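Participant: sequence plus predicted model, see below.
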Number of protein chains: 2
Amino acid sequence: MAKTRMETATKIAWIAAMAAAGLSEIEVGSFVPPKLIPTMSDTDEVTRASVLLPNVVIVALAPNLRGAQNAYAAGAHRVSIPVSVSEGHSRANLNRTPAEQIAEVAKIVEWVRAQDRNMEVEAACSTAFGCSIDGVVPTANVVRVAAGLAAAGANMVTLADTVGYGHPAQIKDVVRAVQAEIGSKLDGLHLHDTMGLGIANALAGLEVGVRNFDAALAGLGGCPFAPGASGNIVTEDLVFMLESMGFDTGIDIEALIACRRYLAEGLPNEARHGHVPQAGIPKTFRALAA
Amino acid sequence: MAKTRMETATKIAWIAAMAAAGLSEIEVGSFVPPKLIPTMSDTDEVTRASVLLPNVVIVALAPNLRGAQNAYAAGAHRVSIPVSVSEGHSRANLNRTPAEQIAEVAKIVEWVRAQDRNMEVEAACSTAFGCSIDGVVPTANVVRVAAGLAAAGANMVTLADTVGYGHPAQIKDVVRAVQAEIGSKLDGLHLHDTMGLGIANALAGLEVGVRNFDAALAGLGGCPFAPGASGNIVTEDLVFMLESMGFDTGIDIEALIACRRYLAEGLPNEARHGHVPQAGIPKTFRALAA
């Protein structure tokens, strides 16, 4: 979550460049009241432009039914609904209990099913690996929330290390526990690099079968209601690891790195993270693929 | 390898503070001709002071017999001999072929065995996961060099990702291949974070049984003869991961982080890396241990 605002035209150009670089899914914004998050006030316009791009699933975040309806109206292919596992983050971020937010997801699923066009409903379990407000988040709570979301009809459930407190053994344990409950409805991990373990946590997820990872170009991001959270894991470094290990991400890493110019132009005051862009692609890249 | 020079007294105080924080092994310097690496001209004095500290193995690097003799004279508990796996790095860093350097290790082992006091001889295989000069380093070459070093009588062999090109699957493959050849004589990994995969690579090593990792406070370091190499993995972040996962490193992470003041004072112009020192220890630390 950037603190400064990128021009709408720059956002749209950036998203188009990311899609052209081979990203298969892009979360383009959040349908929240502009007075809460002013930098997201153009999400409608950005979504409407983005869904015209070929070969990319456009995801919009929405905290409630109203937001999901707006995402639908803008043509989003998928709406992502945040559901905090911890009570403290749920109240701070959504002003609801986890149970109330699961009920909101059920309402959204019911509403979407009554529409003409399909829109996927993804439920994103925030603070699944720890909370800067509540501290430890028991695995049993994550499993219960994930099960509730699957029962509510969400097409897919993701687990988010919103504040970046998770460690690799925990990632494996929690993912396995949730998989045991909801199977392949567990569809992805959303990781932050607060403690420097983000890429290692992605590796841990990979080793227990996760194949979808949220990341942000240059590690942009954070969470306004998660004190201390730093940015998402760096897309460039993640792609470098995956491609090095022999996974075909479909992403042109050089084109991906070139997308950083939209950040340099559009958010000049935000720190741009990432080791691979700084070091350059080594001559051994892909030659060393496992 | 810092580019600027830390005062000798500051080095010694820093090493003492690191030992007090619970580090069980510390590499304190390199016995090389001062005209080659001027910042290491006080290695003799630093080693002589460090070996007086309790409960810590003091390691000194030495590229040849002459350096190993100097390390012995200074009282080093262990001498670490770099042996490049790739020809290009071997010539650039040591002005010898890998085979010639293996012969040098044999000479060092023979010399040490003839002395009164024991000094462990560690052979550190540089460029074991890629070389910025030669590119891909075949696993078979790493195995051959490691086997040669074990046969030469080295007490332990470590594998170094000198330029930071390695990826987790490769780490596992190469470690397993070397373990198959020399067993538990493979004693550790030396990792750099050039591509942002350093901590993930440590996790990969951990998962195939490696229990000793080289790291540097604040990720200090690099290699003067490895163009593009960035610093070592950050000790603070590595310790955070290991302790979070339930490993007992014996290190007091708060005391470790406090050691950064010696870098701030002694090497003010060197970048200090590390996520954990910046974010602070979260309240969930150790409570989440697996």
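Facilitator: Cool, the structure landed.
Participant: the stretch 51-200 of chain A: strands as residue ranges?
Facilitator: Along the stretch 51-200 of chain A, the stretches classed as strands by DSSP state E, counting those that start in this stretch are A:57-61, A:78-84, A:120-126, A:156-161, A:186-191.
Participant: for B:T39, which of those strands is the nearest?
Facilitator: Set against B:T39 and scored by C-beta to C-beta, the strands of the stretch 51-200 of chain A come closest in strand A:186-191, at 37.4 Å. In this view, the C-beta of every residue, glycine as well, is placed from N, C-alpha and C.
Participant: neighbouring strands - and their directions - for the closest one?
Facilitator: strand A:156-161 (parallel), strand A:213-214 (parallel) (DSSP bridges).
Participant: just these: most buried one?
Facilitator: Ranked by average neighbour count under the criterion mean count of other C-beta atoms under 10 Å in any protein chain shown, those are headed by strand A:156-161 at a mean of 26.
Participant: quick one, that strand and strand A:120-126 angle?
Facilitator: Strand A:156-161 runs at 20 degrees relative to strand A:120-126, counting by axes from the mean of the first three to the mean of the last three C-alpha atoms, to 10 degrees.
Participant: can you give me the pLDDT of the closest residue to A:F31 other than its chain neighbours?
Facilitator: Residue nearest to A:F31 in three dimensions, not counting chain neighbours: A:G67, with 3.7 Å by C-beta to C-beta, 6 or more residues apart in numbering or on different chains. Each residue has a pLDDT score; the one for A:G67 is 97.
Participant: A:G67 touches A:G29, doesn't it?
Facilitator: No - counting by C-beta atoms under 8 Å, A:G67 sits too far from A:G29 to count as a contact (10.6 Å).
Participant: which of these two has more neighbours?
Facilitator: For A:G67 against A:G29, the residue with the higher neighbour count under other C-beta atoms under 10 Å in any protein chain shown is A:G29, and the figures read 27 against 21.
Participant: surely that one is within a strand?
Facilitator: Yes - assigned with DSSP: H, G, I helix; E, B strand; the rest coil, A:G29 falls within a strand.
Participant: which residues touch A:A62?
Facilitator: With contacts defined as C-beta atoms under 8 Å, 6 or more residues apart in numbering or on different chains, A:A62 is in contact with A:30-32, A:68, A:70-71, A:79-81, A:108.
Participant: who wins for neighbours among the residues you listed?
Facilitator: Counting neighbours by other C-beta under 10 Å, A:A71 comes out on top of the contacts of A:A62 with 31 neighbours.
Participant: who touches that residue in this structure?
Facilitator: The neighbours of A:A71, taking C-beta under 8 Å, 6+ apart as the test, are A:31, A:47, A:60, A:62, A:79, A:119.
Participant: what do you get for A:K107?
Facilitator: Counting by C-beta under 8 Å, 6+ apart, A:K107 makes contact with A:L65.
Participant: if we can go back for a sec, overlap in contacts of A:G67 and A:G29?
Facilitator: Counting by C-beta under 8 Å, 6+ apart, the contacts common to A:G67 and A:G29 are A:L61.
Participant: okay, now the unreliable bits of the stretch 1-150 of chain A?
Facilitator: Of all residues in the stretch 1-150 of chain A, those with pLDDT under 70 make up the ranges A:1-3.
Participant: for the stretch 151-290 of chain A, that is, sorry about that
Facilitator: Along the stretch 151-290 of chain A, segments meeting pLDDT under 70 span A:222-229, A:288-290.
Participant: mind running it again at 90?
Facilitator: Within the stretch 151-290 of chain A, the set of residues satisfying pLDDT under 90 comprises A:221-231, A:283-284, A:286-290.
Participant: let me know whether A:G29 touches A:T47 as I believe.
Facilitator: Yes - applying C-beta under 8 Å as the test, A:G29 and A:T47 come out as touching, 6.4 Å apart.
Participant: tell me, what's touching those two both at once?
Facilitator: Residues within reach of A:G29 and of A:T47 at once, by C-beta under 8 Å, 6+ apart, are A:A60.
Participant: interface residues of the stretch 1-150 of chain A facing chain B?
Facilitator: If contact is defined as C-beta under 8 Å from any C-beta of the partner chain, the residues of the stretch 1-150 of chain A in contact with chain B are A:129-130, A:132, A:135-136.
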